[in-house]
Structure formats: structure tokens, C-alpha cells
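> I'll drop the sequence and a predicted model, then ask my questions.
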Amino acid sequence: MMKDRLTALFELQSVDSQLDELESLRGDLPTTVQELERELNEKVETIEEKLAEIEEAKKKKTKNEHDAKDLLEQQKKFKAQLYQVRNNKEYDALTKEIDYAEDKIETLDSDSDALIKRVEQLEEEIEELKPLVEEKKSKLDEKNENLKKIVAENEKEEARLQKEREKLVKNVRRGDYSNYTRIRRAKKGLAVATISRSACSGCHNIVPPQRQLEIRRNNRLFFCEHCGRILVSVEVAEEAKA
């Protein structure tokens with residue numbers, strides 16, 4: 001029966017509107033919490049990346065020191081061998097090895113100095129980030145607490161409405177529900193409207209008298225010519241509310 005279909009849609013809209021109202025009480029808190037969580041995670045990840053870079057720099061510096069120590073030992077051996085050379089060719093070969101070791105040690109020492117400076121820079125950056133992390137944590141805790149409080153205050157009512165909605169959806173035809181969901185998404189939650197003072201209660205545009213008469217018959221589905229919402233008669237609305 002068409003009237004039952006229209007009543008089911010109006011009742012569903014009524015429950016959804018109440019759920020929307022409860023959702024609106026949360027305001028932008030859920031979005032704010034998500035944004036704070038994202039910002040906090042970014043800063044924590046940045047600190048972790050800098051700590052990892054510090055660890056790698058320290059490992060590299062330690063390796064440089066070991067390599068420089070080995071080269072220094074080799075250099076000492078080569079210098080000692082200079083007193084045992086028998087010709088210029090051997091002398092030149094040892095001198096070349098000594099110079100190579102010297103250059104390599106200087107390069108390693110220079111690299112280690114750069115690593116020390118980089119570690120100091122990273123540690124300063126981490127110290128600058130720590131207060132920002134604590135600030136974000138504090139704000140996040142505060143917003144989360146506010147959100148939990150609002151959710152707790154309306155938890156029972158929301159659960160009741162959700163159960164009622166589940167029952168109502170079963171009474172709505174699949175095609176009607178598809179139209180309802182599409183319109184509701186496009187019209188900020190309001191998919192079903194009534195005729196109020198000869199106008200659509202959704203967009204407030206006048207509904208032609210002939211169309212009003214047809215809507216009152218409750219024998220088919222009508223859509224507002226201006227906003228596309230489903231229109232139901234006052235009779236259907238009053239019976240659904242009752």
C-alpha cells in the first residue's frame with residue numbers, strides 16, 4: 001500500500017533527523033580530534049626519523065674512527081719500512097701508500113666532524129619539537145575528554161534511535177530506500193518533506209495546488225520540482241508522528 005510506503009519513509013526521516021541532531025552536538029570535535037592526532041603523529045614520526053638519523057651518524061662516526069685507526073697503523077708500518085728500502089722504486093711505492101693513508105685519514109676525520117655537527121643539529125631540532133609534541137598531546141587529551149563526555153551523555157538515546165532505525169529500514173522498499181539515501185546525502189540529511197502553507201517544508205518553494213491535491217491522495221511517490229525531496233501529505237506526517 002502506497003500510504004504505508006510514504007509513512008515508512010517519513011518515520012525513517014524523523015529518526016534520522018534526531019540522530020543528526022545528536023551528531024551535531026559533537027560539532028567539529030571529531031574532526032578536531034582526527035586533525036590533532038594526525039599532527040601529533042607527524043611530529044612523533046619526525047622525532048623518530050631524527051633519532052634514527054642520529055643513530056646512523058654515530059655508527060658511521062665509530063666506523064670512521066676504526067678505519068682511521070687502521071690506516072694510522074698501516075701508515076706507521078710503511079714509515080718503518082722506509083729505512084729498509086733498497087731502491088728508489090720501493091721508496092716511491094711506500095711514500096705513495098703513506099700519502100694515501102694520510103689523505104684518507106683526513107677525509108675520515110673531516111667526515112666525522114661533519115657527523116658530529118649534524119648530530120648536534122638534530123638533537124637541537126628534537127628539543128624544539130618536544131614542547132610542541134606535549135602541547136599537541138595536551139590539546140588532544142582535552143578534546144578527547146570533551147568528545148567522550150558528549151558521547152556518554154547521548155549514548156543511550158543514540159542506541160535507542162539506532163535500534164528503531166534498523167526496524168524502520170526493514171519496512172522501507174529497497175528502491176525507496178535507495179532514493180531516500182541519495183536525496184538525504186545531497187540535501188544535508190533532509191530527504192522527506194511535507195507541505196507546509198502550500199510550500200515544500202524543505203526548500204520553501206510553493207507547490208502548485210493541483211500537485212498538492214495529488215499528494216494528499218497518498219497513492220504515489222512525489223518529488224519536489226525545486227529541491228527533489230520526497231513530498232508526503234500532512235495526513236501521512238501526522239499519522240506517523242502519532
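In hand now; what should we look at?
> Residue 212 contacts residue 197, correct?
No - under the criterion of Cβ atoms under 8 Å, residue 212 makes no contact with residue 197, lying 10.9 Å away. (C-beta placed from N, C-alpha, C; glycine too.)
> More neighbours: these two, which one.
Shown here are residue 212 and residue 197; by other Cβ atoms under 10 Å, residue 212 has more neighbours (17 against 7).
> Now the more buried one: which helix or strand?
Assessed by DSSP states H and E, residue 212 sits inside helix 209-216.
> all strands of this structure, in order?
For the chain, applying DSSP state E gives strands covering 192-196, 199-200, 222-223, 230-232.
> ok so, going back, just the CA coordinates of the helix holding residue 212, formatted as CSV?
Output of helix 209-216 as CSV, limited to C-alpha atoms (Å, rounded to 0.1, in the frame of the first residue of the first chain):
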residue,chain,number,x,y,z
PRO,A,209,-2.5,23.4,-5.9
GLN,A,210,-3.1,20.5,-8.4
ARG,A,211,0.1,18.8,-7.2
GLN,A,212,-1.0,19.3,-3.6
LEU,A,213,-4.3,17.5,-4.3
GLU,A,214,-2.4,14.6,-5.9
ILE,A,215,0.0,14.4,-2.9
ARG,A,216,-3.0,14.3,-0.5
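> Mark out where each domain of the chain begins and ends.
Listed domain ranges for the chain are 27-154, 173-241 (source: automatic domain parsing).
> which other helices and strands contact the helix ranked longest in the chain?
When every helix of the chain is counted residue by residue (DSSP state H), the longest turns out to be helix 88-170. Helix 88-170 sits against helix 2-25, helix 29-81, with contacts defined as 3 or more Cβ pairs under 8 Å, 6 or more residues apart in numbering; DSSP states H and E.
> List the contacts of residue 225.
Residue 225 sits next to 205, 207, 211 when contact means Cβ atoms under 8 Å, 6 or more residues apart in numbering.
> same check, this time on residue 12
Neighbouring residues of residue 12 by Cβ under 8 Å, 6+ apart: 165, 168-169, 172, 180, 192.
> Could you do residue 240 as well?
7, 10-11, 14.
> Would you format the residues you listed as CSV with neighbour count, pLDDT and distance to residue 54 included?
Output for those, formatted as CSV (neighbours: other Cβ atoms under 10 Å; pLDDT from 0 to 100; distance: Cβ to Cβ, whole Å):
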residue, neighbour count, pLDDT, distance to residue 54
7, 19, 93, 68
10, 22, 94, 64
11, 22, 95, 63
14, 18, 94, 60
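> about what we covered before: so among the contacts of residue 225, which ones count as buried?
Among the contacts of residue 225, the ones that count as buried by 16 or more other Cβ atoms under 10 Å are residue 207.
> and residue 179, how far is that from residue 116?
Here residue 179 is placed at a distance of 69 Å from residue 116 (Cβ to Cβ, to the nearest Å).
> Compare the two (neighbour count), which wins?
Between residue 179 and residue 116, residue 179 has the larger neighbour count (other Cβ under 10 Å), namely 18 against 13.
> Retrieve the pLDDT associated with the most far-flung residue of the chain relative to its centre.
Here the centre of the chain is the reference, and by Cα atoms, centre = their mean the most remote residue is residue 86, at 75.1 Å. Residue 86 is assigned 87 on the pLDDT scale.
> Next up, the contacts around it.
Applying Cβ under 8 Å, 6+ apart to residue 86 gives no contacts.
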